[in-house]
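Student: My questions concern the predicted model and sequence given below.
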Amino acid sequence: QVQFVESGGGSVQAGGSLRLSCAASGFSFSINTMGWYRQGPGNQRELVARISSGGSTNYADSAKGRFTISRDNAKNTVTLQMNSLKPEDTAVYYCNTVPCVWGRDSWGQGTQVTVSS
């Protein structure tokens, strides 16, 4: 069964950094585009960064220049390095394929990121 396990969140002050990790299983990881999504308080889930099977990356405008997504196909993991964090980055962060084709139950518990000013 498809599974995503996110880790690495925490509480930091504005300007700080965090490194999120996601372990994926149950599907052919290496051929799928992977993404990091986030859902802030009162907001819909949004795609923050994506990385293709070949390593091409794309970022939401809010993440450009601050976040870096990477993947390790040998370990079925995807990582999000977040620098220069802002209070508006506060959210629960999730990983999944892009697009998510596995259904609502495929989403993991996510990892909470809280940025204080």
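Tutor: On my side now, so go ahead.

Student: does the residue nearest to the spatial centre of the chain belong to a helix or a strand, and which?
Tutor: Centroid check for the chain by C-alpha atoms, centre = their mean gives Trp36 as the closest residue, at 2.4 Å. Taking DSSP states H and E as the definition, Trp36 sits inside strand 34-39.

Student: Of all the residues in that strand, which ones are buried?
Tutor: 34-38 (16 or more other C-beta atoms under 10 Å). Every residue, glycine included, has its C-beta placed from N, CA and C.

Student: other SSEs contacting the very next helix or strand once past that strand?
Tutor: The helix or strand immediately downstream of strand 34-39 is strand 46-51, counting by DSSP H and E. On a contact count with 3 or more C-beta pairs under 8 Å, 6 or more residues apart in numbering; DSSP states H and E, strand 46-51 meets strand 34-39, strand 57-59, strand 67-72, strand 77-82.

Student: Report the strands that pair with strand 46-51, each with its relative direction.
Tutor: Paired strands of strand 46-51, with direction, are strand 34-39 (antiparallel), strand 57-59 (antiparallel) (DSSP bridges).

Student: any idea of the mean pLDDT in it?
Tutor: What strand 46-51 shows for mean pLDDT is 98.

Student: for Val48, what are its contacts?
Tutor: 35-38, 59-60, 62-63, 67, 80, 93 (C-beta atoms under 8 Å, 6 or more residues apart in numbering).

Student: Please tabulate these in CSV, including the columns distance to Val115 and pLDDT.
Tutor: Shown next, in CSV, are these (distance: C-beta to C-beta, whole Å; pLDDT from 0 to 100):
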residue, distance to Val115, pLDDT
Gly35, 21, 98
Trp36, 16, 98
Tyr37, 17, 98
Arg38, 12, 98
Tyr59, 18, 98
Ala60, 16, 98
Ser62, 13, 97
Ala63, 13, 98
Phe67, 13, 98
Leu80, 14, 98
Tyr93, 12, 98
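
Student: right, and Glu88 touches Ala60 too?
Tutor: No: counting by C-beta atoms under 8 Å, Glu88 sits too far from Ala60 to count as a contact (11.9 Å).
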